[in-house]
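Undergrad: The amino acid sequence is not available; the structure is as follows:
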């Protein structure tokens, strides 16, 4: 395989593997930072869902739980308390996150990692939205689902509190 070398005689041009053929350098556009709200283009129902879930999460932003990485369509709650888990010292522990994705709002609920039995107390309608271990895909503004997210946050926070993680 031939390599393309910069031509010494013609600045801004590349020497082609074919003798005597030259090509111009193309400017590569700088990448733009990701704006998560851009993922909801054509889906105006997603930002209001995001806002409602964020409003449910806000009361837990207290004590050692702080907001990290809040930007556009993303919101994270993290406990900044040093603790030991599974023999390792941890400096922080995620509690919950939301992010606007293309087609849904991802609600990441980390307490289910610390206590797998927690899924047994999460309401069945919310469990239907579970797509993986801790990610719920919320696609519509359903008052029942919002109430179940509120309940799950409360149970998850109490579990973290009981373990001394907040």
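TA: Done, it's in. Everything numeric here is computed off the predicted structure, so don't read it as measured data.
Undergrad: And for the lengthiest helix in the chain, what's in contact with it?
TA: Counting residues, the longest helix in the chain under DSSP state H turns out to be helix 143-163. Helix 143-163 has contacts (C-beta atoms under 8 Å, 6 or more residues apart in numbering) with 52-53, 56-57, 60, 79, 83, 93, 95-96, 107, 109-112, 114-115, 118, 121-123, 125-126, 129, 136, 138, 166. The way it works is simple: take the backbone N, C-alpha and C, and place the C-beta from them, glycine included.
Undergrad: I'd like to know the average pLDDT value across that helix.
TA: Averaged across helix 143-163, pLDDT comes to 94.
Undergrad: Now find how far off-centre it is within its chain.
TA: What separates the centre of helix 143-163 from the centre of its chain is 19 Å, taken as C-alpha atoms, centre = their mean, to the nearest Å.
Undergrad: Please apply the same query to stretch 52-63.
TA: How far stretch 52-63 lies from its chain's middle: 16 Å, per C-alpha atoms, centre = their mean.
Undergrad: could you give me the average pLDDT of it?
TA: Taken as a whole, stretch 52-63 carries a mean pLDDT of 96.
Undergrad: Now do the helix or strand hosting residue 67 against helix 143-163, angle only.
TA: According to DSSP states H and E, residue 67 maps onto strand 65-71. On the basis of axes from the mean of the first three to the mean of the last three C-alpha atoms, to 10 degrees, strand 65-71 is oriented at 130 degrees to helix 143-163.
Undergrad: quick one: buried residues of strand 65-71?
TA: Using 16 or more other C-beta atoms under 10 Å as the test for burial, strand 65-71 gives residue 65.
Undergrad: got a list of contacts for it?
TA: Contacts for strand 65-71 (C-beta under 8 Å, 6+ apart): 36, 61, 75, 76, 77, 78, 79, 80, 95, 166.
Undergrad: from the chain's centre, how far out does it sit?
TA: The chain centroid and the centroid of strand 65-71 are separated by 11 Å under C-alpha atoms, centre = their mean.
Undergrad: Nice, that's everything, thank you.
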